[in-house]
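Visitor: next one to model:
(one chain, ligands or ions: 1)
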Amino acid sequence: MPQRITGKTELIGLIANPIRTSKSPMMHNTAFEALGLDLVYMVFEVDNTNLKDAVQGLRSLGAVGFNVSMPNKTEVMKYLDEISPEAKLCGAVNTVVNRNGHLYGTNTDGKGFMLACKEKGFDIIGKKITLIGAGGAATAIAMQAGLDGVAEISIFNGNDRFMDNAKANAERLNSETSCKAQAFCLDDTDALRREIESSVLLVNATGCGFGVPAGPCLIPDKSYLRPDLKVVDIIYSPEKTHLLEMAEEVGCENMNGVRMMLHQGAAAFKMWTGKDMPFAPVEEALAQISSQK
Ligand code: NAD
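Guide: Numbering: from 1, shown residues only. Have a look, this model is predicted:
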């Protein structure tokens, strides 16, 4: 955040609802301050009732860009001028760049996931992965993984309203990327065991386990894991979900969602500012707000 907001300070926003507990303002404002950028990141409570006006307002006011979160990620697409191939494939936008009034929408969630895996040394290109979930985050991960060259994805979802998404995501991967995909219901535990056995990476991209230490886990028990399997849970709170605790017990290399969150934010930051997000001060600030809870 700039020391003082002046007549030259420029705006980046986040439009979503609910939104007041988002970590994005802390992440971006800390990075602006660290790099001495005269920008401010603000959140605005916007949903489908006022989305069109909000987008037009941000364009008219000359905002540098904005993030989009639930419930606006899909709906916002019809108010933008151009959509990136990955956002089209996901059917969702989380980042918009304002290029002199021309609004370009893209999706950095999947990129954040792929960059976090690469940084951790999880080599999944040309390999098979098992992905649990078919909501917004899981779809972004599946589509980016398909675009980046993951060879095969087995998608599992519980028997809820997202099961149709799981099937649609598998169909889209098969028809629009070179990745082979198949959708399964989580109730089919034989398939779950078999698909994990032939995968190099298992990802939980559902909200199951969020916010609850030692909370629920969609993998029935640790016999589904093996030491050379990599495990990612994209949840970042608690730091270690029940799934990651099981992975540690078995000796699997594992990672929570913090690095994905940082990398998706950094990808947006780069598009808005042309600069790399400085991770050290941002991580410090995020750790401070987590410890204040
Ligand atoms: P969403 O509402 O779009 O999708 C929810 C998904 O979770 C669906 O697949 C649904 O079937 C599944 N699910 C939820 N509760 C479940 C339960 N109890 N049992 C079985 N399945 C369940 O949500 P989203 O935006 O995709 O977010 C999912 C999770 O990912 C959230 O916890 C969110 O905090 C996290 N997330 C992390 C990052 C990151 O950068 N690390 C980014 C986005 C989302």
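
Visitor: ok, and the closest non-adjacent residue to Leu225?
Guide: Spatially, and ignoring its direct neighbours in sequence, Leu225 is nearest to Val250 (4.4 Å; C-beta to C-beta, 6 or more residues apart in numbering). C-beta coordinates here come from the backbone N, C-alpha and C atoms, glycine included.

Visitor: my guess is the one you found contacts Tyr224. True?
Guide: No. The criterion here is C-beta atoms under 8 Å, and Val250 misses it with Tyr224 at 9.2 Å.

Visitor: got a list of what the residue of the stretch 1-150 of the chain at minimum distance from the ligand touches?
Guide: Residue of the stretch 1-150 of the chain nearest the ligand, by C-beta to the nearest ligand atom: Gly135 (1.8 Å). By C-beta atoms under 8 Å, 6 or more residues apart in numbering, Gly135 lies in contact with 162, 165, 205-207.

Visitor: quick one, helices of the stretch 51-200 of the chain?
Guide: Shown for the stretch 51-200 of the chain, the helices assigned by DSSP state H, counting those that start in this stretch span residues 51-60, 85-90, 109-120, 136-148, 163-176, 189-197.

Visitor: how far does the shortest one sit from its chain's centre?
Guide: So that's helix 85-90. Distance of helix 85-90 from its chain centroid, counting by C-alpha atoms, centre = their mean, to the nearest Å, is 14 Å.

Visitor: what does the first one give?
Guide: Distance, stretch centre to chain centre, for helix 51-60: 24 Å (C-alpha atoms, centre = their mean).

Visitor: in PDB, list the C-alpha atoms belonging to it.
Guide: Provided in PDB are the C-alpha atoms of helix 51-60 (Å, rounded to 0.1, in the frame of the first residue of the first chain):
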ATOM      1  CA  LEU A  51     -22.100  -7.100 -11.200                       C
ATOM      2  CA  LYS A  52     -22.700  -5.400 -14.600                       C
ATOM      3  CA  ASP A  53     -22.600  -1.900 -13.000                       C
ATOM      4  CA  ALA A  54     -19.600  -2.700 -10.900                       C
ATOM      5  CA  VAL A  55     -17.600  -3.900 -14.000                       C
ATOM      6  CA  GLN A  56     -18.600  -0.900 -16.000                       C
ATOM      7  CA  GLY A  57     -17.700   1.300 -13.000                       C
ATOM      8  CA  LEU A  58     -14.200  -0.200 -12.600                       C
ATOM      9  CA  ARG A  59     -13.700   0.300 -16.400                       C
ATOM     10  CA  SER A  60     -14.900   3.900 -16.400                       C
END
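
Visitor: buried residues in it, which are they?
Guide: By neighbour count with 16 or more other C-beta atoms under 10 Å, helix 51-60 contains the buried residues 51, 54-55, 58-59.
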